[in-house]
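> With the input below, show me the fold.
(chains A and B)
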Amino acid sequence: MFDAQRSRCRRGVGLSIFMATGLALAGTDAERLPETRPLESARLVAEKTAFVAGNDNWIVLHLKLRQGWHVYWRNAGDSGTPPRLDWRLPHGLQAGAIVWPTPERFIVGPLANYGYENEVFLPLPIRVDPSLAGAKGVHLAATVHVLVCLEECVPQTAELALDLPLAEGVPHDGPEVDAIRAALAAVPQPPVGWETELAAQDDGRVSLRARPTPGVDSIDALWEFFPYEPGLIEPAAAQPISRDRDRVTLTLRKGSLAAPQLGELAGVLVVRAHAAGGRPPLAFEIAARPTAVGVVAATKPNGIWASIGLAFVGGLLLNLMPCVFPVLAVKVLGFVQHAGEGRGRALVHGTTFAAGIVASFWVLAGGLYALRAGGAEIGWGFQLQSPAFVVAMAFLFFGAAMVFFGVADFGNRLVSLAGAVRLPSGLAGSFGSGVLATVVATPCTAPFMGTALGWALVAPPVAAFSVFTALALGMGAPYVALAASPRLLRALPRPGAWMETLKQLLAFPMLATVVWLLWVLARQVGPDALILALAGLLIAGFGFWIAGRFAVPSAPARRRAVAGLAAVVAIAGGFVLALPSGAGAEAGLAWVEYSESGLEALRAEGRSVYVDFTAAWCLTCQVNKRVVFGSTEVLEAFRRNDIVAMRADWTSQDPEITRALAAFGRSGVPLNVLYGTDRSAEPVVLSTVLTPSIVLRAIETHLRTET
Amino acid sequence: MSSSIVNRSVGALLALLVAAGVAAAADGAQVGSAAPAFTLTDAGGTEHSLVDFRGKVVVVEWLNHDCPFVKKHYGSDNMQALQGRFTDQGVVWLSVISSAPGKQGHVTPERAIELTAEKKAKPTAVLLDGNGAVGKRYGAKTTPHMFVIDREGVVRYAGAIDSIASTEAADVPKATNYVAAALDALLAGKKVETESTQPYGCSVKY
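Residues are numbered from 1 along each chain as shown, chains lettered A, B, ... in the order given. Have a look, this model is predicted:
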């Protein structure tokens, strides 16, 4: 930036009219400390030699400070305030906000500030109303208030002015255009091809996780986060970094104004090369949001014990469910009878029965992990942050509520089955009946269990395993206790209507969780998706009602089948409607099926190619498709730049596509890649979640420059 | 598990509902928690402990008379007016100077007395915290940085003196004064509405 400026000075273009000088630099301390005027100059500089009516015209506020002094960024950090402009503009002119270049962090003892040292160019747009076309020129005036600090601070003000003619045609670059372009280039850009998220948080800390594309920078660099909002993150706190393959996690200390659960954290993420004199730092404007169910699943090290405790209580509660409670007394009495030898023997039976329960839960957990590992094998991640996962969880909880309310009541006959099955007496029999009790309890526990299973899909293995074990122990504990002391049986309430009341009551926490999940969904994908999800739940609710009303055992088989089918269609249909995806409107693009040779041939012809690696089961892909190719601007840009749209459909495994994904370091879809016409240039990898503007910007920056 | 998830989810939901405005700093004086205890010597040589003021509403103000932000509030008579108005109602007002020796704002006890007289300031006491221990314990970041403590010793407000972060005295009448609002609420036995704000000013010169 400085070099460019010096060379311009040597060029000596004497167009002083474009360089308004800072007049009357005044410090409030000027009288007492005449030597302390650390703001050496302040001026406004325009990018072009004239303004264009109807346009945003870029200017910069150039502040030159005494060596070592600094001014502040938009968030000043622990103290200080950013520079402020009070404009006096003629009618028809409007000054936009400063777009802030990437700041530095200054540590002062236990405190820290964000700002710029020595010199800074702060760009901002001036919008000139089209009605001003034909006017001769404009006069801009402003008072700038600048707080300049070393350790001590001096507030200074300067009167600024800028006179520019209005251009008839296209104006020339001004003499200091390089400085302005350099300043704009120093403004953080949105990350293209990667995302950030708030992985976990508690009262004091929040972890900001990024999964940068290899093209962005090597992971092995210095990362630093600057929050936009003051008070959310402690500016002086270290930001310890941890790396896990392709992921980088910064642990940030929360500030005094941060909520226990931040809904969003916006700011600038700076990536610096380790070695001095390496690449200039990269800066990205990010807005990280919590991983959706991660808020629930975020198991703090000290929280795991609470989870285990709660799971144990939950297991105990399972015994009060209508399908389980009546079995309890019968089973315990059974132990006592079988074990005529005495109380000690009954205890052994009870314990073995509990072991059967634990074993069943372990099998369940094991199966789940097999599924999870298998899913990972085929590149299928169980992503907490995926809106589809949140919708699925909402449906799960909603379905649980429906069952608890008794709207639909399936499988209660299983309970009577329990009594019918005769197992051999002895310990094997007790163990077996423990397993059977778990299976038989399914109609009542399934709504709960489904939730637990969903959670276990994403929780750390040890946590999920411990919690499952605690749940099983909780369910088994009463059998052990009662077998040890059968007289306690008399203290138990008689099975009765209260069990149904309890079950119905439990529907409300389920619905409360649905409310919360929908809130998460709305934060992720917006109000439209929320309405679709609510409509989907409504339809699913109708499905549950059909099931409960018509698909009853007393109904004729035919009616039962029809009603059952209708219920399944309604529930599944509601779910599909609620999923934040859908068939995309992609009219006008002739998609070409992907093949290595086909891509190679097109590139040999000098065509640019956009490859969409997708799969029918990949919801993000569907959303991308709908959002991006539903945009007429994108379609137009594809046509204008003669881009071939190529689709690599990975719905069923395809070795050729798997190989191509691996070449980009990916094990799954979505992946969107833009190949330019220049065959020697690297293809551009776009972000996983796409918007029309991301695609347009990629086309703009990577195809335009080549032509 | 079942109810673990349910409880956690419901807990999370409730937490989200009440989340707004709840401060959660790892350390420092936290709104809603007991104010950290301290004992400091004032400019006249008298020791004051926070615990001595139990039963009274206490304001703790971080002070550095050379800081332009402090000058804004003393130059406009804003701070003195607040001190007078609330000490008359039985509020204890403690101005704490945490500037380290050699740093801006550090003063001898004599100079502190002179400055108080010069500015016609009306605090209950000006406390000298030259090693910055109390400032750091409170998490005081700026001058001014204001804390309001209720009669039970619980922090009820922490943050800026008012809503306009500038050095211009002209902004004082336009701003919402958070400290006055917090004190009025406490004295009336009401809940403080704005409990926590981002303080603004010069950094405390530790």
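> which residues are in contact with the helix or strand where A:Trp223 lies?
According to DSSP states H and E, A:Trp223 maps onto strand A:222-227. Residues from elsewhere that reach strand A:222-227 (CB atoms under 8 Å, 6 or more residues apart in numbering or on different chains): A:73, A:75, A:102-103, A:105, A:114, A:208, A:210, A:233, A:239, A:241, A:248, A:250, A:252, A:265-274. In short, each C-beta sits where N, CA and C put it, glycine included.
> List only those of those flagged as buried.
A:73, A:75, A:102-103, A:105, A:114, A:208, A:210, A:233, A:239, A:248, A:250, A:252, A:265, A:267-273 (16 or more other CB atoms under 10 Å in any protein chain shown).
> Among those residues, which are located in strands?
Among these, DSSP state E puts A:73, A:75, A:105, A:114, A:208, A:210, A:248, A:250, A:252, A:265, A:267-272 in strands.
> quick one: which of these is nearest to A:Phe284?
Each of those was scored against A:Phe284 by CB to CB, and A:Leu269 proved nearest at 4.8 Å.
> Could you give the bridge partners of that closest one?
Taking DSSP bridges, one obtains A:Phe225, A:Phe284 as the residues bridged to A:Leu269.
> Which residues are in contact with it?
A:Pro188, A:Pro191, A:Thr196, A:Leu208, A:Ala210, A:Trp223, A:Glu224, A:Phe225, A:Phe226, A:Ala283, A:Phe284, A:Ile286.
> Quick check: buried residues in the strand holding A:Trp223?
Neighbour-count burial for strand A:222-227 [16+ other CB under 10 Å]: A:Trp223, A:Glu224, A:Phe225, A:Phe226, A:Pro227.
> State the three-state secondary structure for B:Gly45.
State at B:Gly45, reduced to three classes by DSSP: H, G, I helix; E, B strand; the rest coil: coil.
> Could you measure from it over to B:Pro109?
7 Å (CB to CB, to the nearest Å).
> Would you tell me what the next helix or strand after the helix or strand where B:Ala182 lies is?
Here B:Ala182, judged by DSSP H and E, is contained in helix B:178-187. Moving toward the C-terminus from helix B:178-187, the next helix or strand (DSSP H and E) is strand B:202-203.
> How about residues contacting that next one?
Contacts for strand B:202-203 (CB under 8 Å, 6+ apart): A:78-80, A:108-109, A:111, A:113, A:149, A:151-153, B:64, B:67-70, B:104, B:141-143.
> Among those residues, which ones are in helices?
Cross-referencing the contacts of strand B:202-203 against helices under DSSP state H gives B:Pro68, B:Phe69, B:Val70.
> wait, A:Leu39 sits on A:His62?
No. Counting by CB atoms under 8 Å, A:Leu39 does not reach A:His62; the two are 11.2 Å apart.
> Which elements pack onto the longest helix along chain A?
With secondary structure taken from DSSP H, chain A has its longest helix at helix A:343-377. The helices and strands touching helix A:343-377, judged by 3 or more CB pairs under 8 Å, 6 or more residues apart in numbering or on different chains; DSSP states H and E, are helix A:325-338, helix A:427-440, helix A:442-456, helix A:461-484.
> Now render those helices as TSV, adding mean pLDDT, distance to A:Gly541 and mean neighbour count.
Shown next, in TSV, are the helices and strands packed on helix A:343-377 (pLDDT from 0 to 100; distance: least, CB to CB, whole Å; neighbours: other CB atoms under 10 Å in any protein chain shown):
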stretch	mean pLDDT	distance to A:Gly541	mean neighbour count
helix A:325-338	70	28	18
helix A:427-440	75	27	20
helix A:442-456	60	15	22
helix A:461-484	82	28	22
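> To A:Gln94, which of the ones you listed lies closest?
helix A:442-456 (50.9 Å).
> Name the helix or strand of chain B that has the lowest mean pLDDT.
When the helices and strands of chain B are scored by mean pLDDT, DSSP states H and E, helix B:2-19 comes last with a mean of 36.
> could you point out which element follows that one?
strand B:39-42.
> Quick check: mean pLDDT of the helix or strand that comes right after that next one?
Note on strand B:39-42: by DSSP H and E, the next helix or strand toward the C-terminus is strand B:47-49. Regarding strand B:47-49, the rounded mean pLDDT is 93.
> What pairs with strand B:47-49, parallel or antiparallel?
Applying DSSP bridges, strand B:47-49 is found paired with strand B:39-42 (antiparallel).
> In CSV, list the C-alpha atoms belonging to the strand it pairs with.
What follows is strand B:39-42, C-alpha atoms only, in CSV (Å, rounded to 0.1, in the frame of the first residue of the first chain):
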residue,chain,number,x,y,z
THR,B,39,-10.3,-2.9,51.0
LEU,B,40,-8.6,0.2,49.7
THR,B,41,-7.1,3.4,51.3
ASP,B,42,-8.6,6.7,50.3
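> Which residues does that strand contact?
Contacts for strand B:39-42 (CB under 8 Å, 6+ apart): B:Glu47, B:His48, B:Ser49, B:Leu50, B:Val96, B:Ala125, B:Val126, B:Leu127, B:Leu128, B:Asp129, B:Val134.
> and what of stretch A:537-551?
With CB under 8 Å, 6+ apart as the criterion, stretch A:537-551 contacts A:394-395, A:398-399, A:402-403, A:406-410, A:514, A:559-560, A:562-564, A:566-571, A:573-575, A:577-578.
> Show me those residues that map onto helices.
Reading helices off the contacts of stretch A:537-551 with DSSP H, I get A:394-395, A:398-399, A:402-403, A:514, A:559-560, A:562-564, A:566-571, A:573-575, A:577-578.
> buried subset of those residues?
Among the ones in helices among the contacts of stretch A:537-551, those classed as buried by 16+ other CB under 10 Å are A:394-395, A:398-399, A:402-403, A:514, A:560, A:563-564, A:566-567, A:570-571, A:574-575, A:577-578.
> Of those, which are in range of chain B?
Among these, no residue lies close to chain B (CB under 8 Å from any CB of the partner chain).
> show me where pLDDT drops low in chain B?
Applying pLDDT under 70 to chain B flags the ranges B:1-27.
> again with the stretch 301-450 of chain A
Those would be A:301-304, A:322-323, A:336-343, A:371-386, A:409-425, A:440-450, if you go by pLDDT under 70 across the stretch 301-450 of chain A.
> let's see it at 80
A:301-311, A:314, A:317-318, A:320-346, A:364-365, A:367-390, A:393, A:408-430, A:432-450 (pLDDT under 80).
> B:Lys190 - how many residues pack around it?
9 (other CB atoms under 10 Å in any protein chain shown).
> ok, the ones in strands among the buried ones among the contacts of strand A:222-227 vs chain B, which is closest?
The closest of these to chain B turns out to be A:Asn75 (CB to the nearest CB; 9.1 Å).
> ok, now which ones touch that closest one?
Shown in contact with A:Asn75 (CB under 8 Å, 6+ apart): A:Pro82, A:Tyr114, A:Phe226, A:Pro227, A:Tyr228, A:Glu229, A:Pro230, A:Gly267.
> Return the list of helices and strands in contact with whatever helix or strand A:Trp516 lives in.
Here A:Trp516 sits within helix A:507-525, counting by DSSP H and E. Counting contacts by 3+ CB pairs under 8 Å, 6+ apart, helix A:507-525 is packed against strand A:282-290, helix A:387-405, helix A:527-550, helix B:2-19.
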